[in-house]
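K.L.:
I'd like to go over a predicted model; first the sequence, then the structure.
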Amino acid sequence: MSSGREKVALIVNSASYDRVSYALTIAVMSAALGREVLVLFTYGALRRLKKGSTDEVGGETEVTVRETVKQGLQKGSLQKISALLKDLKRFGGKVYACVSAMAFHNLTREELIEEVDQVSGIAAFLEAAKDASIMLYV
């Protein structure tokens, strides 16, 4: 059922800190502006939804930006992914974990952070996002 609000859907595939952070910044700003926001984390990005892994900066982030990300987090000029997820939830955004990616990474629902609203296949996510005016793939 549609909320009547403009809908924004994001499919986040990359685990790279800068990409996930930027995708979530778009999602949070969209939700803060009153849009309905749906975000699907799949394959690489799913590791950001695993308890204890959300804010790690490691080999998934390109070496040329890794230190800049670490410095930005340390200085507070870059927000943690965990904080962005909390902001997204505060503004009513929905977080989906891809069931296929969970099987790929051998993860259970219990291993995911509490901000995950739903474990979903791509077909169910696309059905929920079918009337989105904006759909981004990161």
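P.N.:
Happy to help now that I have it. Residues are numbered from 1 along each chain as shown.

K.L.:
Quick one: find the helix or strand in this protein with the lowest mean pLDDT.
P.N.:
Here the helix or strand of the chain ranked lowest by mean pLDDT, DSSP states H and E is helix 63-75, holding a mean of 94.

K.L.:
got the buried residues for that one?
P.N.:
Arg66, Val69, Gly72, Leu73 (16 or more other CB atoms under 10 Å). Backbone N, C-alpha and C define where each C-beta goes, glycine included.

K.L.:
what mean pLDDT does the following helix or strand past it have?
P.N.:
Using DSSP states H and E, the next helix or strand after helix 63-75 towards the C-terminus is helix 81-90. Helix 81-90 carries an average pLDDT of 98.

K.L.:
ok, and for helix 81-90, which residues are buried?
P.N.:
Ile81, Leu84, Leu85, Asp87, Leu88, Lys89.

K.L.:
my guess is the fourth one contacts Thr25, does it?
P.N.:
Spelled out, it's Asp87. No - applying CB atoms under 8 Å, one finds Asp87 not in contact with Thr25, separated by 9.3 Å.

K.L.:
Just give the number of residues close to Ile113.
P.N.:
17 (other CB atoms under 10 Å).

K.L.:
repeat for the one 5 residues further on
P.N.:
Taking other CB under 10 Å as the neighbour definition, Gln118 ends up with a count of 15.

K.L.:
so it touches Tyr96, yeah?
P.N.:
Yes - counting by CB under 8 Å, Tyr96 is a contact partner of Gln118 at 5.2 Å.

K.L.:
Contact partners for Gly44?
P.N.:
Contacts for Gly44 (CB atoms under 8 Å, 6 or more residues apart in numbering) come out as Asn13, Ser14, Ala15, Ser16, Glu60.

K.L.:
Between those, which sits nearest Ser77?
P.N.:
Of all the contacts of Gly44, Ser77 sits closest to Ser16, with 18.0 Å by CB to CB.

K.L.:
Grab the nearest non-local neighbour of the closest one.
P.N.:
Nearest residue to Ser16 in three dimensions, chain neighbours excluded: Thr61, at 4.8 Å (CB to CB, 6 or more residues apart in numbering).
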